[in-house]
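>>> here you go, sequence then predicted model.
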Amino acid sequence: MVEPMKRVVLLMADFDADEVLDGLQDLGVIHISAEPASDDAGIPELDAKITRLRRSSAALVEHVEEGNPADDPLYGKYLVELPEEAYVLDTAVREFLADIDRHQAEADRCRSELEAWAPWGGLDLRILAALEDAGLHLDFYTATRKEYEAAVLPDRPVEIINDEGGRLFLVDLRYPGDPADAAELPFTSVRLPGSGVETLRSALKTNDEAVARLKARLSLLEGRRYLIEAELERLERDRERRLAALSLDSGDRTGITWLEGYVPVSLLEKLQEFLEEHHAVPWISDPEPRELPPVRLKNRPAARLFEPITKIFGLPDYAEIDTTPFFAPFFAFFFGMCLADVGYGVLVTLGSLLGLVVLRKPSARSLAVLGVILGFTTVLGGLFVNTLFGMKIDGLPSLPPSWQALLLFRDIDDAMAFSLLLGVAQILLGFAMQVANRWRQEGFAAALQPAGTLLLIIAAGFWALEALGAGWRVGPIPVGALVAGFDDPKRVAMVLGIAGIVLILLFNNPTKKLWMRPLLGLWEMYGIASGVPGDILSYIRLFALSLAGGLLGGAINHIAGMIRGDDPGLLAWFFALVVLVGGHAINFALAALGAFVHPLRLTFVEFYKAVGFRGGGTAYAPYGGQTS
């Protein structure tokens, strides 16, 4: 849910403003609403310092494991001279990085020139220079074999030095007295590096050693990174404090100033306790209907795990219903339906449980818990569609009867129909939420058009179920029985449909004149007729992905079985195992990617369209840092 906010205006004397701002920064509950002006010349300077220190901190983290400080001959000297001040450390890091870049560039140049020398063998530049002094000149060329065989060569020795896949490397010897143009051959001329092979190898070794030594010293400096982190924290607090000061408004300069902001209802008591001890007078009120307070999501632990998925698209508007707890169970189940393999689900679950044991950061542990949930739904999806590492579960020997009962959708038609039923359920939920959203945001009249759409979809469902018959089932689900309790399902469908059409035609846009609305309503109905069925059909991808993953897994098993053969030896078993492990690893990676992306699409496109999701909410960012 979106936590309710209170609008707060704090009145204070000018001479108390600094004390109150410092206290609010330590408290960390009020979201300052005013847009800060760029009047403080010190803020750009702070931004530059923060950016520079962040780069140095990131560089220390990047190079911490790239070198062994004890291998540096000057290890003791640098151990004694480690910086004790953040900016001295920052300067040292930037100097080391500049030296690393310089030596690395020189090493790369040496490697490039050695590669250029490689096809020509170990030519010695001193021998070439001696030949030049004697009047003998060597020209170097490359050509394809076809070019070489088709060329008319002068009466002069042209030797093939090397042949790399049909690419010839040629040397032409020009004698004393030959005219300069006599050396021109119809091939690509090559200019060899100015340094010899041994010189380049020596330079490469020197520069590589220098890079390793500098990285080792950076690794040693990483032990002082806390100095930079502490200075970063101080600078960021200073910057935040300056921005907050710019948000103060003193009106007519009577010695009174005020600060506007928002506080979550759950943290209001902390603010009030703070104000009792400080010289500031609060004026607390509910936000006006057209205000845009910041958004703070506050869900139960299970739904909170899915909040990162909500934030991928964007936060809801303050007046909107938070979609997180509503799409969370669908997303988890959709993921399991797409991956849909008991074996893969067990791997995801075990990997996530291992992450819970190993990881320490709360955000990482939350993702691990989410992984456990998704692993469990993958196991369920695999049971539903009868797949275990690409094998049919009901084909396994000695399968317990209790497992047989869990294989709900062994028939391919049932699995496809079940995917569409999930789509209908989520689309209906989306339109029900749109009704509630419109009612909250724009009033009762605005909610009637989406209510009409909801009734029209339900009417279409009644009509379809009546046509399919009361005995129609999807696996073990007696879907047709939903209409069995009605004496005349067709009449119910007609009443609901007519009511929906009337609401759409008359209340599609309450701000327009009444005589215009039916015309606009016809366009709305065209959009519903062409859009909603397509949105529901999009959910068939759940079935398609589970089918594709299962078929690919089965193909991998079949190939491995062919490699093993009827009378397998050690090599046959080895290569069969390689195909099984490698093939299922690739299949798992592809299926897991699809199992994340496609439920995401169904959520953000089909479901959010039904909800009428607007989004655009500003994240709650309290001055001084959030407290819970």
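Sure, I can see it.
>>> ok, the residue lying closest to Pro4 once chain neighbours are set aside - how many residues close by?
Among residues not flanking Pro4 along the chain, Val265 sits closest, at 4.7 Å (CB to CB, 6 or more residues apart in numbering). Backbone N, C-alpha and C define where each C-beta goes, glycine included. Counted with other CB atoms under 10 Å, the neighbours of Val265 add up to 13.
>>> which residues touch Val265?
Residues in contact with Val265 (CB atoms under 8 Å, 6 or more residues apart in numbering) are Glu3, Pro4, Met5, Lys6.
>>> low pLDDT regions in the stretch 101-250 of the chain?
Scanning the stretch 101-250 of the chain with the threshold set as pLDDT under 70 gives 122, 154, 176-184, 249-250.
>>> Lys6 looks like it's in a helix, true?
No: Lys6 is assigned strand when assessed by DSSP: H, G, I helix; E, B strand; the rest coil, not a helix.
>>> which ones are touching it?
Lys6 makes contact with Tyr262, Val263, Pro264, Val265, Leu268, Ile284, Ser285, Asp286, Pro287, according to CB under 8 Å, 6+ apart.
>>> secondary structure element holding Asp414?
Element membership for Asp414 (DSSP states H and E) is helix 412-442.
>>> tell me what angle the helix or strand that that helix is followed by forms with helix 412-442.
Scanning forward in sequence from helix 412-442 by DSSP H and E, the next helix or strand is helix 444-468. Put simply, helix 444-468 runs at 160 degrees to helix 412-442, going by axes from the mean of the first three to the mean of the last three CA atoms, to 10 degrees.
>>> run through who's touching helix 444-468.
By CB under 8 Å, 6+ apart, helix 444-468 touches 424, 427-428, 431-432, 434-436, 438-439, 472, 479-480, 482-483, 486, 489-490, 492-497, 499-504, 506-510, 524, 528, 532, 612.
>>> let's see that with 6 Å instead.
Helix 444-468 is contacted by residues 431, 434-435, 438-439, 480, 482-483, 489-490, 492-493, 496-497, 499-500, 503-504, 507-508, 510, 528 when judged by CB atoms under 6 Å, 6 or more residues apart in numbering.
>>> where does pLDDT dip in the protein?
For the chain, the ranges with pLDDT under 70 are 34-41, 64-82, 122, 154, 176-184, 249-254, 626-628.
>>> the spatially most central residue of it and Ala595: what is the separation?
By CA atoms, centre = their mean, the chain has its centre lying nearest to Ile312, at 7.8 Å. For Ile312, the distance to Ala595 equals 16 Å [CB to CB, to the nearest Å].
>>> just the CA trace of stretch 223-238, in PDB.
Provided in PDB are the C-alpha atoms of stretch 223-238 (Å, rounded to 0.1, in the frame of the first residue of the first chain):
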ATOM      1  CA  GLY A 223      42.800  -0.600   3.800                       C
ATOM      2  CA  ARG A 224      42.400   3.100   4.200                       C
ATOM      3  CA  ARG A 225      39.300   3.400   2.100                       C
ATOM      4  CA  TYR A 226      37.300   4.100   5.200                       C
ATOM      5  CA  LEU A 227      38.800   7.600   5.300                       C
ATOM      6  CA  ILE A 228      37.300   8.300   1.900                       C
ATOM      7  CA  GLU A 229      33.900   6.800   2.900                       C
ATOM      8  CA  ALA A 230      33.800   8.900   6.100                       C
ATOM      9  CA  GLU A 231      34.600  12.100   4.100                       C
ATOM     10  CA  LEU A 232      32.000  11.200   1.500                       C
ATOM     11  CA  GLU A 233      29.400  10.800   4.300                       C
ATOM     12  CA  ARG A 234      30.400  14.200   5.700                       C
ATOM     13  CA  LEU A 235      30.200  15.900   2.300                       C
ATOM     14  CA  GLU A 236      26.900  14.400   1.400                       C
ATOM     15  CA  ARG A 237      25.400  15.500   4.800                       C
ATOM     16  CA  ASP A 238      26.800  19.000   4.200                       C
END
